[in-house]
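**Student:** Okay, sequence plus prediction incoming.
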Amino acid sequence: MAAVTKKVLAEFPLFAGLADNELSILAKVASKAAYKKGECVYKEGTPGDTLYLLHKGNVKITHRVQNETDGESDQTMGMVKKGSFFGELSLLDGRSHSATAVAAADVEVVLIKRHDFDAIAEKEPEVGYKIIKIIAIEIAHLLRSADRKFLDMVEQYLGFYHK
């Protein structure tokens, strides 16, 4: 895997609040990987320990769902675009991936492993705090969006039920 420069890291909004020396610390542990269109980045249920930052391309996030007609199928949860990140839940809690990530185009990602992030957060708590805060804000945004979608579905269902 190729090395990552602090210049590349500075392109990501996740690291916008980091000083030059803090980017240098991250650059020492970050690496790059590439995936071809259609290639699986990670599969739902597999162990996860990496934060993925999308440097090039798009990644589709899907979740396996049960339905009455087809049995199991993949439900698209969202599309990750250049500059954003995914895999953050596994970075934070070390649990298996809750979804599948597939390259929707040729993709380049920057990787930060959980053990490296933990070591940085222990040595440089301010760097860890800044990154965790931005990740938490993004998770809150996603949760609020999911709440709205769920409530819209409930209202729609109840509206149809009461007609």
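**Tutor:** It's in.
**Student:** quick one, strands of the chain?
**Tutor:** 31-35, 40-42, 50-56, 59-67, 71-80, 85-86, 100-103, 107-113 (DSSP state E).
**Student:** Packing partners of the fourth one?
**Tutor:** This means strand 59-67. strand 71-80, strand 100-103 (3 or more Cβ pairs under 8 Å, 6 or more residues apart in numbering; DSSP states H and E). From N, CA and C alone the C-beta is placed, and that goes for glycine too.
**Student:** What pairs with the shortest one, parallel or antiparallel?
**Tutor:** For strand 100-103, the pairing partners within the sheet under DSSP bridges are strand 40-42 (antiparallel), strand 59-67 (antiparallel).
**Student:** Identify all contacting residues around it.
**Tutor:** The contact list for strand 100-103, computed with Cβ atoms under 8 Å, 6 or more residues apart in numbering, reads 35-44, 52, 57-64, 74, 80, 86-87.
**Student:** Show me just the buried residues among those residues.
**Tutor:** 35, 41-42, 44, 52, 57-62, 80, 86-87 (16 or more other Cβ atoms under 10 Å).
**Student:** wait, what's in contact with R64?
**Tutor:** So R64 contacts 44, 72-75, 100 (Cβ under 8 Å, 6+ apart).
**Student:** Make JSON lines out of those residues and add pLDDT and distance to S24.
**Tutor:** Putting these into JSON lines (pLDDT from 0 to 100; distance: Cβ to Cβ, whole Å) gives the following:
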{"residue": "E44", "pLDDT": "93", "distance to S24": "35"}
{"residue": "E72", "pLDDT": "76", "distance to S24": "46"}
{"residue": "S73", "pLDDT": "74", "distance to S24": "45"}
{"residue": "D74", "pLDDT": "78", "distance to S24": "40"}
{"residue": "Q75", "pLDDT": "81", "distance to S24": "41"}
{"residue": "T100", "pLDDT": "94", "distance to S24": "34"}
